[in-house]
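[1] coords please:
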Amino acid sequence: MLQTIIYDLGGVLIDWNPMYVYKNYFNTKEDLNFFFTNICTAEWNEEQDGGRSIEEANRLLITQYPEWEKAIRDYYERWPEMIKGALKESVDLLYSIKSSNHFKLYALTNWSAETFPIAKERFEFLSWFDGILVSGEEKTRKPFDDFYIKLLTQYGIEKDTTVFIDDNLRNIEAARKLGIPSIHFKEATALHEELKKMDSRFNDIMI
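    Residues are numbered from 1 along each chain as shown. Predicted coordinates:
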């Protein structure tokens, strides 16, 4: 039987996407593609998730691409606009799980330490967790082993009675290699069905 559920946040409970800012930001689709392929790349963003400061991140790119300075700065200056809101069905399921009092709930999230307070202020459900590890605060991130291990160690979590939920398959595969049972999140109803397979008590937990 499960004792612990570990959630990712972005893409599972929170709808975050840079396209909410940049979809119509540039004059051409070519500029949009160039910007995210060569400048504010996923890899660049992950360095902030891993603890690099926004100031340093901006300086690095503006030095290389000075003509793109406004677009670069807007990535974090307009970062709150990238959060559309909560994923309602997922949060409803989380609420039902929390209300059942059967499970400990933790979050393991790749998130800049400088922007996570915005999410904490906006989303009351983040207070439902028994603990949250934020990559930017810990100076490491998924899929690196030490981030998962720190959560397990800090809260005395037993892998055999735990399930980890993430929308990023890379992070799921890393967790599974560590022996953490995991579910690749796609949408809330499918997650609920997978949880039912793991523990019959989820039959009584509704979305």
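[2] okay, domains of the chain per the record?
    Listed domain ranges for the chain are 4-15+85-204, 17-83 (source: automatic domain parsing).
[3] got CSV for these, with mean neighbour count and mean pLDDT too?
    From N, CA and C alone the C-beta is placed, and that goes for glycine too. CSV is the format used below for the domains of the chain (neighbours: other Cβ atoms under 10 Å; pLDDT from 0 to 100):
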stretch, mean neighbour count, mean pLDDT
domain 4-15+85-204, 17, 98
domain 17-83, 15, 98
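[4] helix, strand or coil for the residue located most distally from the centre of the chain?
    Most distant from the centre of the chain: E67, at 30.9 Å, with distances by Cα atoms, centre = their mean. On the three-state scheme (DSSP: H, G, I helix; E, B strand; the rest coil), E67 is labelled helix.
[5] look up how far D31 lies from it.
    11 Å (Cβ to Cβ, to the nearest Å).
[6] before we move on, what about S90?
    33 Å.
[7] for the chain, what spans make up the strands?
    Ranges of strands in the chain, per DSSP state E, are 4-7, 14-16, 83-86, 104-109, 131-134, 162-166, 182-184.
[8] hang on, isn't H192 packed against D204?
    No - with contact defined as Cβ atoms under 8 Å, H192 and D204 do not form a contacting pair (11.6 Å).
[9] just the CA atoms of the top helix by length along the chain, as PDB, please.
    The helix that spans the most residues within the chain, counting by DSSP state H, is helix 88-100. Taking C-alpha atoms only, helix 88-100 is exported to PDB below (Å, rounded to 0.1, in the frame of the first residue of the first chain):
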ATOM      1  CA  LYS A  88      -8.300  22.300 -12.000                       C
ATOM      2  CA  GLU A  89      -8.900  18.600 -12.300                       C
ATOM      3  CA  SER A  90      -5.400  17.800 -11.000                       C
ATOM      4  CA  VAL A  91      -5.900  20.100  -8.000                       C
ATOM      5  CA  ASP A  92      -9.300  18.600  -7.400                       C
ATOM      6  CA  LEU A  93      -7.700  15.200  -7.200                       C
ATOM      7  CA  LEU A  94      -4.900  16.500  -5.000                       C
ATOM      8  CA  TYR A  95      -7.600  17.900  -2.600                       C
ATOM      9  CA  SER A  96      -9.400  14.500  -2.500                       C
ATOM     10  CA  ILE A  97      -6.100  12.700  -1.700                       C
ATOM     11  CA  LYS A  98      -5.200  15.300   1.000                       C
ATOM     12  CA  SER A  99      -8.700  15.000   2.500                       C
ATOM     13  CA  SER A 100      -8.500  11.200   2.700                       C
END
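[10] that's all I had, so thanks and see you.
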